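Colleague: sharing a model prediction with you, sequence too.
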Amino acid sequence: MANIKSKKQSVPHRNKRLPKGPHGVELLLVQTVEHLGKQGEVVQVRPGYANNYLIPQGLATLATDHHKRMVEKHRAQLEAIERARLSSLQALAADLAKQSVTIEANANDEGHLYGSVGAVEVANALKKANFHIATDQVRLKGPLKELGLYTIEVHLGHEINAEVKVWVVPSVAEEGAAGAP
């Protein structure tokens with residue numbers, strides 16, 4: 001019988017030691033990462049954050065001299081792309097500011113909801129209105145527990161926020177049942 005050795009599969013970025021800076025691992029951001037930095041910046045993070053999140057997700061790469069030169073060479077193009085992205089986010093914010101969505105919920109006679117309306121319901125109502133907003137972009141100060149009109153903030157990124165009017169109304173089936181003798 002032949003002696004068969006199994007090769008251990010390894011992740012390519014984990015078999016090399018990451019270059020250390022004075023405060024951690026130096027990485028070059030491929031994409032803008034909120035609360036960390038913008039695209040093309042050199043940042044220093046802890047090795048675990050680099051190995052487990054930034055590099056595998058394709059958000060950053062090692063900050064080698066070659067990569068730094070390439071970023072400097074393409075900086076004008078990157079800035080043009082970023083400006084276009086910001087203008088599209090501002091246009092989306094302007095469209096959202098004009099938007100009003102209605103959410104139906106079960107409520108008692110005093111207008112208190114049996115449950116509550118949260119970010120998931122607001123994001124779903126915006127999706128029905130053809131705005132693709134993620135649940136984590138909806139910023140509520142707390143769950144909506146009463147019928148009425150609310151102004152809700154939607155964080156689009158890059159410090160661009162939009163305000164959306166949300167109407168919480170009683171569900172249609174409930175109104176018909178309450179009006180019946």
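Modeller: Nice, I can see it.
Colleague: which parts of this protein are helices?
Modeller: Residue ranges of the helices in the chain, as given by DSSP state H, are 47-49, 65-73, 75-98, 119-128, 172-179.
Colleague: highest mean neighbour count out of those?
Modeller: Among the helices of the chain, helix 119-128 has the highest mean neighbour count (mean count of other CB atoms under 10 Å), at a mean of 17. Just so you know, the C-beta spots here come from the backbone N, C-alpha and C atoms, and that holds for glycine as well.
Colleague: in terms of mean pLDDT, which of the helices of the chain ranks lowest?
Modeller: The weakest mean pLDDT among the helices of the chain belongs to helix 172-179, with a mean of 54.
Colleague: in contact with residue 59, which residues?
Modeller: Listed by CB atoms under 8 Å, 6 or more residues apart in numbering, the contact set of residue 59 reads 29, 30, 31, 33, 53.
Colleague: hang on, the earlier thing: turn the helices of the chain into a markdown table, columns for distance to residue 151.
Modeller: Below are the helices of the chain laid out as a markdown table (distance: least, CB to CB, whole Å):
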| stretch | distance to residue 151 |
| --- | --- |
| helix 47-49 | 36 |
| helix 65-73 | 40 |
| helix 75-98 | 10 |
| helix 119-128 | 12 |
| helix 172-179 | 24 |
